[in-house]
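# Coordinates only, no sequence provided:
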Ligand code: FES
Ligand code: FE
């Protein structure tokens, strides 16, 4: 394949075999995805244009840039961006690329700055991304009187937030963020409503891991209830050995095989418009929450939201918010594409504002045990994503099967509601992926 093919989406559009619809085998009982959607470098190049540059992408949480001058570096697809709170409090998202000769202007992952000074030749930008100074501008051999300096760093045209989650888009015509999130707001709301103040704070250092596999494996997996007892067999056995619990919180509490199997029959799955996949699983025996160690805390949540909602808030919801962000347990997770077979995952544990310290502490320890660097869960999963990619090298076989629950999913508005064991959440990704890839072709 020539470099030109890799870089030129138009080439992709012209190829009959690259018609986005051809990546999906759809029928009443069929939902299959073609291997090339995960492996082909030309597909990956087109995804960056038609998916990541066209939709909303989560870039930061407001608690990470709470004060004027606070900034965080992030990515929208392959493009490095800076999320910055300017002196007037406004949030700007700009491409982290000096207008002079292209160096990143911000090399830190997080911090506070009065201005950004490019490390290469020292051009200076404000926290709003505007160019403030060109170094040694007037010295002999410098820039002439007629030199046209650009206004500043490239600003993403759309930046909106929902309950502290900041999203940005390169697409000036992207739908409003609230409409884009749709039913995924339910999971965000329930996660945040476990805070008596309705807010979360990203306080801990995130855990970063890279795997040699396609980004869509992580997007599918964070809402995959099917894999748990298989991929995490070692963890399940550990639980069994130590009395069905390796802790008092989250996934570590009461994790017997029987209890986990039962989970597969409670709640619902969702295949949502705009590509979001959801898992909803209510907590059982809510009385135990109201009489346990944190009774007062749960009572306050019940007072604010009612009995029925308390079961959902205390339950195990998870969301894969298309294309690169998810929520599970007490964490925000992002995954960013680096190449067709390389992805970076960042896990941000968060604290619930107003919750007892012991509760936040317990949740953090629980996260470490399952999702942390020495935990069981994250390692199991990223190993599988790399093995998926290895397996797909066997391209004598064309298709992957995503058909669980296809006959029991029911359309509700623009979303499909599935039974808990359905692969409805995984199908959500492919529904939106195909739509965006095809829309790019018509443009
Ligand atoms: Fe930034 Fe030259 S590349 S000042
Ligand atoms: Fe997993």
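Okay, I see it. Everything quoted here is computed from the prediction, not taken from an experiment. Numbering: from 1, shown residues only. Ligands and ions are numbered 1, 2, ... in the order given.

# lowest confidence element among the helices and strands of this structure?
Lowest on mean pLDDT, DSSP states H and E among the helices and strands of the chain sits helix 3-7, with a mean of 40.

# separation between the residue positioned nearest the centre of the chain and ligand 1?
Geometric centre of the chain, nearest residue: residue 325, 0.8 Å, by Cα atoms, centre = their mean. Residue 325 sits 30 Å away from ligand 1, going by Cβ to the nearest ligand atom, to the nearest Å. The way it works is simple: take the backbone N, C-alpha and C, and place the C-beta from them, glycine included.

# again with residue 178
Counting by Cβ to the nearest ligand atom - residue 178 and ligand 1 are separated by 37 Å.

# For the residue nearest to the centre of the chain, list the residues it contacts.
Residue 325 makes contacts with 57, 58, 165, 332, 333, 334, 335, as judged by Cβ atoms under 8 Å, 6 or more residues apart in numbering.

# Name the nearest residue to residue 280, sequence neighbours excluded.
residue 267 (4.4 Å; Cβ to Cβ, 6 or more residues apart in numbering).

# what do you get for residue 107?
Nearest to residue 107 is residue 119, by Cβ to Cβ, 6+ apart, at 6.4 Å.

# For that neighbour, give me the pLDDT.
On pLDDT, residue 119 comes in at 98.

# do the same with residue 247
Confidence score, pLDDT, at residue 247: 62.

# Please apply the same query to the one 10 residues further on.
According to the model's per-residue confidence, residue 257 sits at a pLDDT of 68.

# Run through the protein and note the low-pLDDT ranges.
1-18, 243-257, 259-260, 262-264, 441-443 (pLDDT under 70).

# Spell out which parts of the chain neighbour ligand 1.
98, 100, 101, 102, 103, 118, 120, 121, 122, 123 (Cβ under 6 Å from any ligand atom).

# Report the secondary structure state of the second one.
Following DSSP: H, G, I helix; E, B strand; the rest coil, residue 100 is assigned to coil.

# Spatially, which residue comes closest to it, not counting chain neighbours?
Counting by Cβ to Cβ, 6+ apart, the nearest residue to residue 100 once its immediate chain neighbours are dropped is residue 123, at 5.3 Å.

# Repeat that for the first one.
Closest residue to residue 98 in three dimensions, ignoring its sequence neighbours and counting by Cβ to Cβ, 6+ apart: residue 118, at 4.4 Å.

# Surely that neighbour and residue 102 touch.
No - look at residue 118 against residue 102 with Cβ atoms under 8 Å: they stay out of range, at 9.6 Å.

# who's more crowded, those two?
residue 118 (23 against 10; other Cβ atoms under 10 Å).

# one step back: and the residue nearest to the centre of the chain, bridged to which residues?
Beta-bridge pairing of residue 325 under DSSP bridges involves residue 321, residue 334.

# what's the longest helix in this structure?
Assignment by DSSP state H gives helix 424-442 as the longest helix of the chain.

# how about the residue nearest to residue 107, what does it touch?
When contacts are counted by Cβ under 8 Å, 6+ apart, residue 119 touches 103, 104, 105, 107.

# Please name the nearest non-neighbouring residue to residue 155.
Nearest non-adjacent residue to residue 155 (Cβ to Cβ, 6+ apart): residue 94, at 4.9 Å.

# Can you report how many residues lie near the one you found?
Neighbours of residue 94 (other Cβ under 10 Å): 23.

# Just confirm it is within a strand.
Yes - Residue 94 sits within a strand when classified using three-state DSSP.

# right, and it touches residue 156 too?
Yes - counting by Cβ under 8 Å, residue 94 touches residue 156, with 6.8 Å between them.

# quick one: common contacting residues for these two?
Common contacts of residue 94 and residue 156 (Cβ under 8 Å, 6+ apart): residue 81.

# got the domain boundaries for the chain?
Per automatic domain parsing, the structural domains of the chain span 64-156, 182-281+316-442.

# what about the residue nearest to residue 98, distance to residue 127?
In this view, residue 118 and residue 127 are 14 Å apart by Cβ to Cβ, to the nearest Å.

# now residue 398
50 Å.

# which one is residue 314 nearest to, not counting chain neighbours?
With Cβ to Cβ, 6+ apart, the residue lying closest to residue 314 is residue 283, at 4.0 Å.

# Could you look up the SS state of the one you found?
Three-state call for residue 283 (three-state DSSP): coil.

# Surely it and residue 308 touch.
No - taking Cβ under 8 Å as the definition, residue 283 is not a contact partner of residue 308, at 11.4 Å.

# hang on, the earlier thing: can you tell me the number of residues neighbouring the residue nearest to residue 100?
23.

# quick one: contacts for it?
Here residue 123 is in contact with 98, 99, 100, 105, 117, 131, 133, 134, 135 (criterion: Cβ under 8 Å, 6+ apart).

# count of residues packed around the closest residue to ligand 1 within the stretch 201-350 of the chain?
Of all residues in the stretch 201-350 of the chain, residue 338 sits closest to ligand 1, at 22.9 Å by Cβ to the nearest ligand atom. Neighbour count for residue 338, taken as other Cβ under 10 Å: 14.

# So for it, what's the nearest residue that isn't a sequence neighbour?
Nearest to residue 338 is residue 344, by Cβ to Cβ, 6+ apart, at 5.9 Å.

# Bridged to the one you found, which residues?
Beta-bridge pairing for residue 344 (DSSP bridges): residue 210, residue 336.

# Check the contact between it and residue 206; I expect there is one.
No - in this structure, residue 344 is not within contact of residue 206 by Cβ under 8 Å, at 10.9 Å.

# so residue 52 makes contact with residue 335?
No - using Cβ under 8 Å as the test, residue 52 is too far from residue 335 to be in contact (11.7 Å).

# Mind listing the shared neighbours of those two?
By Cβ under 8 Å, 6+ apart, residue 52 and residue 335 have these common neighbours: residue 324.

# re earlier: and what about the residue nearest to residue 107, helix, strand or coil?
coil.

# Please enumerate the helices of the stretch 151-300 of the chain.
177-181, 184-193, 215-221, 228-231, 233-241, 257-263, 286-291, 295-305 (DSSP state H, counting those that start in this stretch).

# Show me which positions of the shortest one end up buried.
Buried residues in helix 228-231, counted by 16 or more other Cβ atoms under 10 Å: 228, 231.

# closest point of the stretch 151-300 of the chain to ligand 1, which residue?
Counting by Cβ to the nearest ligand atom, the stretch 151-300 of the chain gets nearest ligand 1 through residue 153, at 10.5 Å.

# Okay then, goodbye and thanks.
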